[in-house]
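Q: Could you work out the structure for the sequence below:
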Amino acid sequence: MTDLNAIPFEAAVSMLVSCFRSGGKLLLCGNGGSAADCAHIVGELAKGFRKKRPLPEALQRAVGTDRLQLGLPAIDLTSNAALIAAVNNDQGGEFVYAQQVMAYGRPGDVLLGISTSGNAKNVLLAAKAAKALGLHTLALTGQDGGALAPLCDLALRSDETETYLVQEDHLLFYHRLCLRVEEAFFPE
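A: The predicted structure follows:
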């Protein structure tokens, strides 16, 4: 298992906190299990993770419920099946995330690309599109980082090389990231 102290974890926390504080959003992409991780991360950020995030009372009254929570803007680029199918058909599968980065990305946003090998072509092209548009780029990869790590501003690398072990480390990485970001925005 990878030691979180041995990676630029604090810089990743700072990148995400700065993004959200400045009104930016997080875009996420990956394939297979990494796509599932994208959905998982969005679930931790867009509503309460470990903390309750109640709306201010005035907003609760305005919407007529106390059941909604404050959230942070995170978009899972793996989840829009119709758009992904259209891009795959019209442009090619390697462009499914880069096209969405072009549509949704703005300077100051962060793209998080997850690839256990660091060589997923569609994630690499998304990172290139993000850099061209002025987004910050963060990668979760395996041990050597593949082509993705040097392309990104920051890479959190597992010490592992086997896919399932890398994925286990990634879960630890992003749960810890989400906890720290939540603490920054929703202190008790």
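Q: Could I get the buried residue list for the helix or strand Q167 falls within?
A: Using DSSP states H and E, Q167 falls within helix 163-185. Buried residues in helix 163-185, counted by 16 or more other C-beta atoms under 10 Å: 165-167, 169-170, 173-174, 177-178, 180-182, 184. Yep, even glycine has a C-beta here, placed from its N, CA and C like the rest.
Q: One more: stretch 87-106?
A: V87, E94, F95, V96, Y97, A98, Q99, Q100, V101, G105.
Q: What ranges in the protein fall below the confidence cut-off?
A: 1-7 (pLDDT under 70).
Q: Which residue ranges of it form helices?
A: For the chain, helices defined by DSSP state H occupy the ranges 9-21, 33-45, 57-63, 81-90, 96-104, 121-133, 148-151, 163-185.
Q: right, and those helices - which one's nearest L140?
A: helix 163-185 (4.9 Å; C-beta to C-beta).
Q: Could you dump the helices of the chain into JSON lines with distance to P73 added?
A: Converted to JSON lines, the helices of the chain look like this (distance: least, C-beta to C-beta, whole Å):
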{"stretch": "helix 9-21", "distance to P73": "7"}
{"stretch": "helix 33-45", "distance to P73": "8"}
{"stretch": "helix 57-63", "distance to P73": "17"}
{"stretch": "helix 81-90", "distance to P73": "18"}
{"stretch": "helix 96-104", "distance to P73": "10"}
{"stretch": "helix 121-133", "distance to P73": "16"}
{"stretch": "helix 148-151", "distance to P73": "23"}
{"stretch": "helix 163-185", "distance to P73": "11"}
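Q: if we can go back for a sec, of the buried residues of helix 163-185, closest to L55?
A: Nearest to L55 among the buried residues of helix 163-185, counting by C-beta to C-beta, is E182 at 15.8 Å.
Q: Got phi/psi on the nearest residue to that closest one once chain neighbours are set aside?
A: Of all residues not flanking E182 in the chain, F49 sits nearest, at 5.1 Å (C-beta to C-beta, 6 or more residues apart in numbering). With angles defined as degrees, to the nearest 10, F49 sits at phi -100, psi -80.
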